[in-house]
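>>> only geometry, no sequence info:
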């Protein structure tokens, strides 16, 4: 039986797809057979971030409608062993997903994988609710910014009332992943700190990913950012995955990185 | 400038303003979502009845239900000079 993880946020543009790609790839790098499922029907982008957009033939909706088998729709990642992608449909309307269909696909995937990572669409409507309904664990992606924190709290409310676990009187395990964190601006009092966000949302912290040039560079190339093991964001995601797997990892990248004399004199990019 | 900014350092930063606004809002919204769906409608109707007798505003009527739905608290703030 696989553990079903939903990557969700309420608000759009906070880094759900980037985080899904990083977490899925990271789990596979750590030796766990993992599938990434894109639930953003109509606006799929996980394929693009994973660099497999030209290999999409069938998608989640085809599988739900029995137009393709799961094995036909699953795309094997060429870089990372044990990682597969199930893309969302691009053309059909948002109502193409239904409860029974999603449940059947997840059950089938559950037999094949250790982890199922569901990339949720933005919002708190049907698509987002379906993406989180079957989850065992939720990773709530939040930016240190008022509207993102508020929407994260709302999605936590949905997790606590409209998920399968909640309906069975259980709890979805919740994790906070704070992304686009800028320690310099936090120090200047211009950005909510990790402690502030934690105090408001009151869920355990999985990781803090710094605002990083590496993220855009990675998405330009269709490579999950964890494959850039030199980058701060890539390392922060791998730390978060270590914690997810139960390891003790110190939080890095929370302080302003001190620049050495060399980079101070010769360049801004340290 | 350095000395000035030292004395000004007690001034609230924008991050602190954000935190305080969020704390108030999130507490309010959490309270709202634990309440049954009929509550807003009921609040409207109570307001309609009271405003037939007293000149009050929407914000002057607070309806709260405790978590177990066992105590309904109705709080009406009357204006200082109530209608005769």
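Received it, and whenever you're ready, just let me know what you need. Please read these numbers as outputs of a predicted model, since none were measured by experiment.
>>> and chain B, which of its residues are near chain A?
For chain B, the contact set with chain A under Cβ under 8 Å from any Cβ of the partner chain comprises B:13-16, B:18-19, B:21-23, B:25-26, B:29-30, B:33. (Each C-beta comes from the backbone N, C-alpha and C, glycine too.)
>>> Show the pLDDT at the residue in chain A that chain B sits nearest to.
Residue of chain A nearest chain B, by Cβ to the nearest Cβ: residue A:189 (2.7 Å). In this model, residue A:189 is scored at 94, pLDDT.
>>> Also residue A:122?
Per-residue pLDDT puts residue A:122 at 94.
>>> Which strand or helix spans the residue nearest to it when sequence neighbours are not counted?
Nearest non-adjacent residue to residue A:122, counting by Cβ to Cβ, 6 or more residues apart in numbering or on different chains: residue A:12, 3.3 Å away. Secondary structure from DSSP states H and E places residue A:12 outside every helix and strand.
>>> Can you give me the distance of residue A:12 to residue A:147?
10 Å (Cβ to Cβ, to the nearest Å).
>>> What is the neighbour count of the residue nearest to residue A:122?
13 (other Cβ atoms under 10 Å in any protein chain shown).
>>> One more: residue A:194?
19.
>>> just the one 5 residues further on next, same as before
Here the count is done by other Cβ under 10 Å, and residue A:199 has 13 residues near it.
>>> roughly how far out does the helix or strand in which it is found sit from the chain middle?
Applying DSSP H and E as the criterion places residue A:199 in helix A:194-201. A distance of 20 Å separates the centroid of the chain from that of helix A:194-201, by Cα atoms, centre = their mean, to the nearest Å.
>>> and if you look at stretch A:138-149?
The answer for stretch A:138-149 is 12 Å, by Cα atoms, centre = their mean.
>>> Okay, helices next: where are they in chain B?
Secondary structure of chain B (DSSP state H): helices at B:2-8, B:14-33, B:39-51.
>>> Tell me where the model's unsure across the chain.
By default, I'm working from chain A. Per-residue confidence for chain A (pLDDT under 70) gives these ranges: A:92-94, A:259-270.
>>> could you do chain B instead?
B:1-11, B:67-69, B:81-84.
>>> Could you check which residue of it lies nearest chain A?
residue B:13 (2.7 Å).
>>> Determine the number of other residues adjacent to that residue.
Residue B:13, neighbours per other Cβ under 10 Å, totals 14.
>>> what's the answer for residue B:17, then?
With other Cβ under 10 Å as criterion, residue B:17 counts 12.
>>> Chain B contacts on the stretch 151-270 of chain A?
Residues of the stretch 151-270 of chain A lying near chain B (Cβ under 8 Å from any Cβ): A:153-154, A:157, A:161, A:186, A:188-193, A:196, A:199-201.
>>> Recalculate using a threshold of 10 Å.
A:152-154, A:156-158, A:160-161, A:185-193, A:195-197, A:199-202 (Cβ under 10 Å from any Cβ of the partner chain).
>>> May I see the ChimeraX selection of the buried members of those?
Filtering these down to the buried ones (16 or more other Cβ atoms under 10 Å in any protein chain shown) takes a single ChimeraX command:
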select /A:152,153,154,156,157,158,160,185,186,189,191,192,193,196,197,200,201
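>>> Chain A: helices as residue ranges?
Under DSSP H, chain A gives helices at A:16-29, A:46-49, A:60-64, A:70-73, A:99-112, A:126-133, A:146-162, A:164-167, A:183-187, A:194-201, A:213-221, A:232-244, A:261-266.
>>> Give me whichever of those is most buried.
helix A:16-29 (a mean of 28; mean count of other Cβ atoms under 10 Å in any protein chain shown).
>>> starting at the chain centroid, how far to that one?
6 Å.
>>> Who are the contact partners of the nearest residue to residue A:192 once chain neighbours are set aside?
Distance criterion Cβ to Cβ, 6+ apart; nearest residue to residue A:192, sequence neighbours excluded, is residue A:144 at 4.1 Å. Taking Cβ atoms under 10 Å, 6 or more residues apart in numbering or on different chains as the contact definition, residue A:144 lies against A:178-182, A:185-186, A:190-194, A:196-197, A:208, A:211, B:15, B:18.
>>> No more questions from me, cheers.
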